[in-house]
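Novice: fold the following for me, if possible:
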Amino acid sequence: MKNKNVIELTKPQLKKFWKENSEEIKYYFGRKVAGDIAQFEFDRYYPNQQIVKNYTELNEKGTCKLRQLNRLKYGYNGLGSKLTPGVTGLYSEATLHDKDTTNDHLFGVTAVGWKIHNIIKDLYEDGRSQRYIVDYMTEQWLPKNLHLWVCVKITKQEHKSDNLARDKHTLEEKEWLVHYNEANIEILVKE
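Specialist: Just a heads-up that it's a prediction; the model follows:
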């Protein structure tokens with residue numbers, strides 16, 4: 001069994017979702033982006049840069065307070081609404097027989113939140129204006145990356161960490177459902 005690319009699997013559903021919700025999503029997402037830019041400004045001039053470093057830079061465990069916050073801000077709540085299996089039509093074959101299920105954020109909320117943070121930070125550090133960054137992120141980047149919020153209905157057994165790897169794959173590998181393939185989770189699309 002080999003699953004297909006999630007972008008291809010969800011293209012019609014995401015196109016419809018964007019058409020119906022884009023104005024609201026752009027507002028919610030754009031507010032978060034503008035808030036990040038204000039926080040970068042705050043950090044730049046904060047008198048104790050060690051505190052800024054401790055809060056914003058990854059430690060030896062690969063995390064920091066800012067990464068944890070972005071998990072919530074962008075990973076879970078970036079769109080202001082959810083791309084649940086009811087929207088995407090994605091579910092595992094096992095859910096046809098096992099009703100003890102959960103919705104899995106296919107790309108992982110921590111990885112998604114940190115990716116978005118780093119894109120905004122890079123644009124900010126390149127000297128781009130707030131208007132440019134917000135417009136780019138909401139008008140260009142966001143519609144092409146809605147797949148990062150896709151959820152899949154899988155069984156709780158499939159979702160166990162000893163079956164479905166956590167933080168072991170790149171976002172590109174997850175796009176090709178490598179982690180699902182390794183866990184022998186076959187993904188179906190409800191028509």
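
Novice: please make it C-alpha for all contacts and neighbour counts, starting now.
Specialist: OK.

Novice: can you show me the strands along this protein?
Specialist: 90-92, 101-105, 151-155, 187-189 (DSSP state E).

Novice: just name the most buried of the ones you listed.
Specialist: strand 151-155 (a mean of 24; mean count of other CA atoms under 10 Å).

Novice: what's the average pLDDT for that strand?
Specialist: For strand 151-155, the mean pLDDT works out to 97.

Novice: kindly report the same for stretch 37-51.
Specialist: In this model, stretch 37-51 has a mean pLDDT of 97.

Novice: could you work out the end-to-end span of it for me?
Specialist: By CA to CA, to the nearest Å, the extent of stretch 37-51 from end to end equals 18 Å.

Novice: sorry, back to before: nearest to Arg67, out of the strands of the chain?
Specialist: With CA to CA, the closest approach to Arg67 among the strands of the chain belongs to strand 101-105: 16.9 Å.

Novice: got the angle between the closest one and strand 151-155?
Specialist: With axes from the mean of the first three to the mean of the last three CA atoms, to 10 degrees applied, the angle from strand 101-105 to strand 151-155 works out at 140 degrees.

Novice: grab the longest helix from the chain for me.
Specialist: If you go by DSSP state H, the chain has its longest helix at helix 6-45.

Novice: looking at this structure, which residue lies furthest from center?
Specialist: Pro47 (32.5 Å; CA atoms, centre = their mean).

Novice: which residues does stretch 86-97 contact?
Specialist: Stretch 86-97 is contacted from outside by 10, 13-14, 17, 85, 101, 150-155, 185-191, using CA atoms under 8 Å, 6 or more residues apart in numbering.

Novice: I'd guessed Val52 sits against Tyr45; true?
Specialist: No. Contact criterion CA atoms under 8 Å: Val52 and Tyr45 do not qualify, at 9.8 Å.

Novice: which of the two has more neighbours?
Specialist: More crowded of Val52 and Tyr45, by other CA atoms under 10 Å: Val52, with 17 against 10.

Novice: tell me the spacing between the nearest residue in space to that one that is not next to it in sequence and Asn70.
Specialist: Nearest non-adjacent residue to Val52, counting by CA to CA, 6 or more residues apart in numbering: Asp43, 6.2 Å away. The gap separating Asp43 from Asn70 is 16 Å, by CA to CA.
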